[in-house]
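Q: predicted model and sequence below, questions to follow.
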Amino acid sequence: MSSHNYYTNAYSDPPQTSYANAYHDHDRRADAPLPPLPYDPSPPPFADPYRQPSAGAQSSRYDSDPYEDRDAIPLGERERERKHGSMHSVVPILPPQHPDDDAFVRDAKPGKRRRRGEEREEDDGWFRGKITWVCFFMSSVQLIVFLAEVIKYGMLTGTPIQIKPSFNPMIGPSPYLYINMGARYQPCMHNMEGVQNAKNPPVHWPCPGTTSLDESDNQCTLSQLCGFGGVPEVLFSDLPAGAPLPNSPAPNQWWRFIIPIFLHGGIIHIAFNLLLQLTLGRDVEKLIGSVRFFLVYMAAGIFGFVLGGNFAATGIASTGASGSLFGILAITLLDLLYHWTSRASPLKDLLFIAIDVIIAFVLGLLPGLDNFSHIGGFLMGLVLGICILRSPAAVSRRTSADFTARSRYDAGAGVRGFVKQPLAFFQNRRGVWWVWWIVRAAALLGALVGFILLLKNFYQWRTGCSWCKHLSCLPIKNWCSVGNLQLESQA
């Protein structure tokens, strides 16, 4: 039988099938049969000579495999589909390409670009997506410190919030408790006219838990009010008239430029700050990273308190993270300006930022508030943002087109790219890129010089500004006099 089939063409005659065919079942049809399909008796070049034609012989696909062992155990249905699956189609299967994926985009590392829909789903919620460690840590510490304030004031006065001699509109303890816990308060930080050279010593100060304005109830010393181990109680009574106060010995609780970031004046104060910190702050931390966010957060807060210490009223006990949050607002503004053309509605975003800044500055004009902390934090945020944010795309674009997506990322992506390939970091840079780096270096140098000069003025020169007070108060009644210590010196 095998030899007969070998010398006899198996396709000499059309195959005879015993089952019905859709085109050849003439015996069971009442209507006229369809014409037969054309049939090519010549087999394909690589056809199996041992294959028996099936009913579907008119197609170009064959059911048998010339390399298949006929004596092997029959394969299961799934194994047969797996083995012969590639015979059903010759079109390569490619993964679908997202419309946002552009092979010529050079601003992101290949394989790291996130789709818009995925990014939005990842960022929804406070506990989804990238964990913002700095925001959560700062918020937790500030909440714990505020609870400590309330508990301590309740132990001293019997009530957790100040209701005597006046009610605290922020719904919190008295400012004297904040001074005792580390608020920025100038008499605890350096010598002052009318304190160390008082005309009628000794000077009596309010106690941290005072609830009365009677002088007999406010007989604490400056060390008792300032806390933290006290301050030097010195009195320069033999100074000549008009002579400046010596710089030492003197109160020097320098940490009062840092601790106030974690103190808040009441429930309303901390609630608004945490709301902004856990919304806008988290977005900015995801944008610039936790390390740079921490740097901006602390630098803006400290610089704000230093600026306020130079120009705000001498008797204001300043607290809160508002200066830090103004620095975060400045980062948001810079990011908007850097990516203006890629935003869907940049004017709308700019309007929202402007409204937030204007409202906060106007509230800072109310009596007893330190608007200089807001101004200083915003300025420091702008300067540090210029220094640490990635350069705008129009500035960082190179002159050569040889940098592919991966090479551009590795060679020019910040400090990591500079460490890996220091020479490639500077290659094919345009003139505007070098000018921009000069601007960034000048901004960083200016921030350092300004910080040093303000500290020098706070501790030694003590040069004031006659018109600067109008940046923190409105000329209504005696608002600009609120917070000034009424002390009389020997001179």
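A: Received it, and whenever you're ready, just let me know what you need.
Q: tell me which stretches of the stretch 251-400 of the chain form helices.
A: Assignment of helices within the stretch 251-400 of the chain using DSSP state H, counting those that start in this stretch yields the ranges 267-277, 280-288, 290-311, 322-338, 346-363, 371-388, 393-396.
Q: which other helices and strands contact the fifth one?
A: Think helix 346-363. On a contact count with 3 or more CB pairs under 8 Å, 6 or more residues apart in numbering; DSSP states H and E, helix 346-363 meets helix 322-338, helix 371-388. (Glycine included, C-beta is placed from N, CA and C.)
Q: and for the last one?
A: Packed against helix 393-396 by the contact rule (3+ CB pairs under 8 Å, 6+ apart) you find helix 431-456.
Q: now do the helix it packs on against helix 371-388, angle only.
A: Following axes from the mean of the first three to the mean of the last three CA atoms, to 10 degrees, one obtains 150 degrees for the angle between helix 431-456 and helix 371-388.
Q: any idea which of the helices of the stretch 251-400 of the chain scores lowest on pLDDT?
A: Among these, helix 393-396 has the lowest mean pLDDT, at a mean of 81.
Q: with only the CA atoms kept, save stretch 265-273 in PDB.
A: C-alpha atoms of stretch 265-273 as PDB (Å, rounded to 0.1, in the frame of the first residue of the first chain):
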ATOM      1  CA  GLY A 265      -1.500  78.600  67.700                       C
ATOM      2  CA  GLY A 266      -4.700  76.600  67.800                       C
ATOM      3  CA  ILE A 267      -7.100  74.200  66.100                       C
ATOM      4  CA  ILE A 268      -7.900  76.500  63.200                       C
ATOM      5  CA  HIS A 269      -4.200  77.300  62.600                       C
ATOM      6  CA  ILE A 270      -3.100  73.700  62.500                       C
ATOM      7  CA  ALA A 271      -6.100  72.500  60.500                       C
ATOM      8  CA  PHE A 272      -5.500  74.900  57.600                       C
ATOM      9  CA  ASN A 273      -1.800  74.200  57.600                       C
END
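Q: mind listing what's buried along that stretch?
A: Using 16 or more other CB atoms under 10 Å as the test for burial, stretch 265-273 gives 265-267, 269-270, 272-273.
Q: now stretch 183-200
A: 183-198.
Q: same question for stretch 379-394.
A: Buried residues in stretch 379-394 (16+ other CB under 10 Å): 379-389, 391-392.
Q: which non-adjacent residue is nearest Thr157?
A: Nearest residue to Thr157, sequence neighbours excluded (CB to CB, 6 or more residues apart in numbering): Gly209, at 5.2 Å.
Q: could you report the separation of that neighbour from Met181?
A: 12 Å (CB to CB, to the nearest Å).
Q: who has more neighbours, the two?
A: Met181 (22 against 18; other CB atoms under 10 Å).
Q: need the helices and strands packed on helix 346-363 in JSON lines (columns: distance to Trp255).
A: What follows is the helices and strands packed on helix 346-363, written out as JSON lines (distance: least, CB to CB, whole Å):
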{"stretch": "helix 322-338", "distance to Trp255": "16"}
{"stretch": "helix 371-388", "distance to Trp255": "16"}
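Q: which among these is found nearest to Val435?
A: helix 371-388 (12.9 Å; CB to CB).
Q: residues making contact with stretch 255-263?
A: 138, 141-142, 145-146, 149, 178, 181-185, 188-189, 228, 298, 301-302, 305-306, 309, 318-321, 323-324 (CB atoms under 8 Å, 6 or more residues apart in numbering).
Q: just the buried residues of the residues you listed.
A: The buried subset of the contacts of stretch 255-263 - by 16+ other CB under 10 Å - is 138, 142, 145-146, 149, 178, 181-185, 188-189, 298, 301-302, 305-306, 309, 318-321, 323-324.
Q: hang on, Phe326 packs against Gly377?
A: Yes: using CB atoms under 8 Å, Phe326 makes contact with Gly377 at a distance of 3.7 Å.
Q: between those two, which contacts overlap?
A: By CB under 8 Å, 6+ apart, the residues touching both Phe326 and Gly377 are 300, 304.
Q: against Ser373, how distant is the closest residue to Ile302 other than its chain neighbours?
A: In space, Ile302 comes closest to Phe257 once its chain neighbours are excluded; the distance is 5.3 Å by CB to CB, 6+ apart. For Phe257, the distance to Ser373 (CB to CB) stands at 11 Å.
Q: what touches both of those two?
A: In contact with both Phe257 and Ser373: Phe305, using CB under 8 Å, 6+ apart.
Q: between these two, which one's more packed in?
A: Neighbour count, other CB under 10 Å: between Phe257 and Ser373, Ser373 has more, with 33 against 21.
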